[in-house]
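> how would this look folded up:
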Amino acid sequence: MFKNITLSVLCVLCFGFSAKSQATYDEDTLIATGYVAPTSSDYAELIANTKIRNNTNTPDTIVWQRIVENLPSMNWTSAVCDITQCYGVTTNTAQFILGANVVKELSFHFYPKTDKGKGYMVVRFSKKSNPSIYTDIYINAQGYGANINTLSKVAFSLFPNPTNTSLIINSYIANNGQFSIVNLFGETVLNGSFQNGSPIDISPLSKGIYCVNVIGNNSVTSSKLVVE
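Numbering: from 1, shown residues only. So this is what the prediction gives:
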């Protein structure tokens, strides 16, 4: 009986130490959205970000590997930026040292050129000393068809964000306009018109990450929305 109790305590202690020693990530499912290039001589980039955290007093060597890349056409490419540098589209793995008690940003990039469509990649992060314990980051991308008249940026804010019942869109340029909310699969789940300061009912939306597209004064831009 004593041996069983001792073994159980040791297992709990070991598990707790292992869990605590792992790096954590603010989000493991991301979306990168925007417009593709209007011509082959123009540049287009879709970006998603998250943060990696080391909550311990010990530095860790983290290894990342792009294990899945599913893109809508041969013109699309993707790349990863870890906390030390941005890599080329052909680099599928690298490593970096995550200092003790630090928070750093990771970013994931898609280059769609002129081809609209949806794609994704999966990047796996693990400790070099224990690769069997890992976190997979899923990054979904949506490239919208470019329109010369809709490429200029319009600044707007979303409040509250995160939210679960209502959303207020405040455009800094237009007092009103059209909006659409898109899920991680590129599906439009809600759209309509907005007035600055007027709440929009989003209670039918499930918990998750969405992209809000706002159209105003012949311009379109996007921002991330978290529904709790």
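
> Just give me the longest strand of the protein.
Ordering each strand of the chain by length in residues (DSSP state E) puts strand 130-144 first.

> F194 against N176, yeah?
Yes - with contact defined as Cβ atoms under 8 Å, F194 reaches N176; the gap is 6.3 Å. Where you see a C-beta, it was placed from the backbone N, CA and C, and this is true even at glycine.

> which one of those two has more residues nearby?
Ranked by neighbour count (other Cβ atoms under 10 Å), F194 and N176 place F194 first, with 24 against 13.

> and the nearest residue to the more buried one once chain neighbours are set aside, what element?
Excluding its sequence neighbours, the residue lying closest to F194 (Cβ to Cβ, 6 or more residues apart in numbering) is I169, at 4.5 Å. Using DSSP states H and E, I169 falls within strand 166-171.

> So the chain: which segments form each domain?
24-144, 148-227 (automatic domain parsing).

> For this protein, just list every one of the helices.
2-21 (DSSP state H).

> Pick out the residue nearest the middle of the chain.
L30 (2.5 Å; Cα atoms, centre = their mean).

> what comes up buried for the longest strand of the chain?
T135, I137, Y138, I139, N140, A141, Q142, G143, Y144 (16 or more other Cβ atoms under 10 Å).

> For the closest residue to the second one other than its chain neighbours, give me the pLDDT.
In space, not counting the residues next to it along the chain, I137 is nearest to V123; the distance is 4.9 Å by Cβ to Cβ, 6+ apart. Here the pLDDT value assigned to V123 is 97.

> Which residues are in contact with V123?
Shown in contact with V123 (Cβ atoms under 8 Å, 6 or more residues apart in numbering): W64, Q65, R66, I67, V80, F108, D136, I137, I139.

> thought S223 was touching C211?
Yes - taking Cβ under 8 Å as the definition, S223 is a contact partner of C211 at 7.5 Å.
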